[in-house]
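Chemist: okay, structure incoming, though there's no sequence with it:
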């Protein structure tokens, strides 16, 4: 009987240790969650406080006779008084940001409604975008994808929003267009863009910078493989890069070219997409998407090939340096001429 009681006590002691560990973890979770909520709440409160500060600055400026001169004096003087009262965080530059914040996001707008959920460092970058649709795009992406401020700055600078293929197909509702860009900007790979470069070098550079490449590709992409072999009864074929997009629920295959797009490249990708659909695509998968990366495109080849109206095959120029605003605009205008 004594031995039996000893065994029961040992089991009970074991359960007690496990229960106490779970108890400790539960309490820690509650406190961490509360701290996070408190931080987010405080961040939101301060964000809307900045908006109201901006509102008061604009209202006060409007009462001055010489607005520009009065505005500069007003903000400089306010910065000094607030710094004396509250410490750092109220520089002239930051007060100008508050002013811009108020002027950019009107009360009741989408940006205003979610501003409390977006870090101030991100808002400072987004509020400088003049187009409202573009601003809202970056707000949504920051909120959904949890972009760091560095990623956001890079995407704004590289024209991420403008590079999405909004003009490649007549069907503007085609969801695929949200996931294919033209051009792709691959400045992070550290290679030059020239026609003498080997395609294998381009492929290796992408693999070595895979995380950044996935960010450039967009939402929902996961890497499947490189040089994937597709076997038919008579021949083996090798596809440069294969990805899967869990949002589109389809495979995305990429063929890398270090020269100008040719009709042979398009024919090859058309064959790859058909073969992949036949041999690799699952029952629940949507049709495969094929993207040809090239250094340039020809208007005639695009216009009179399957690229012009295809919903599965795309050709995108890749750039290995960040384009200037002027260079990007010219490239986008050229694409509109090619695809329209």
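Modeler: Looks like it arrived, so ask away. What you see is a predicted model; the values in this text were computed from it and never measured.
Chemist: can you name the next helix or strand after the helix or strand in which residue 21 is found?
Modeler: Per DSSP states H and E, residue 21 falls inside helix 2-62. Downstream of helix 2-62, the next assigned helix or strand under DSSP H and E is helix 67-86.
Chemist: quick one: average pLDDT of the next helix-or-strand element following that following helix?
Modeler: Going down the chain from helix 67-86, the next helix or strand is helix 92-104, by DSSP H and E. For helix 92-104, mean pLDDT rounds to 93.
Chemist: tilt between helix 92-104 and helix 67-86?
Modeler: 120 degrees (axes from the mean of the first three to the mean of the last three CA atoms, to 10 degrees).
Chemist: which residues touch the helix or strand just after helix 92-104?
Modeler: The helix or strand immediately downstream of helix 92-104 is helix 110-114, counting by DSSP H and E. For helix 110-114, contacts defined as CB atoms under 8 Å, 6 or more residues apart in numbering pick out 51, 104-106, 126, 135-136, 139, 143. From N, CA and C alone the C-beta is placed, and that goes for glycine too.
Chemist: try 7 Å this time
Modeler: 105-106, 135-136, 139, 143 (CB atoms under 7 Å, 6 or more residues apart in numbering).
Chemist: rewinding a little: so for the helix holding residue 21, mean pLDDT?
Modeler: Mean predicted confidence for helix 2-62 is 72.
Chemist: next: stretch 129-138.
Modeler: According to the model, stretch 129-138 has a mean pLDDT of 93.
Chemist: how about stretch 154-164?
Modeler: Computed over stretch 154-164, the mean pLDDT rounds to 90.
Chemist: ok, now how distant is the nearest residue to residue 245 once chain neighbours are set aside from residue 243?
Modeler: Distance criterion CB to CB, 6 or more residues apart in numbering; nearest residue to residue 245, sequence neighbours excluded, is residue 220 at 4.5 Å. Note on residue 220: its distance to residue 243, by CB to CB, to the nearest Å, is 9 Å.
Chemist: same check on residue 198?
Modeler: Residue 198 is 22 Å from residue 243, by CB to CB.
Chemist: go on, residue 147?
Modeler: 20 Å.
Chemist: doesn't residue 184 make contact with residue 318?
Modeler: Yes. With contacts counted by CB atoms under 7 Å, residue 318 reaches residue 184, the gap being 4.6 Å.
Chemist: overlap of the contact sets of the two?
Modeler: residue 293.
Chemist: the two - which one has more neighbours?
Modeler: Here residue 318 and residue 184 are set side by side on neighbour count (other CB atoms under 10 Å), and the busier one is residue 318, at 22 against 19.
Chemist: past the helix or strand encompassing the more buried one, which element shows up next along the chain?
Modeler: For residue 318, the host element (DSSP H and E) is strand 313-319. Helices and strands here follow DSSP H and E; after strand 313-319, the next one along the chain is helix 325-339.
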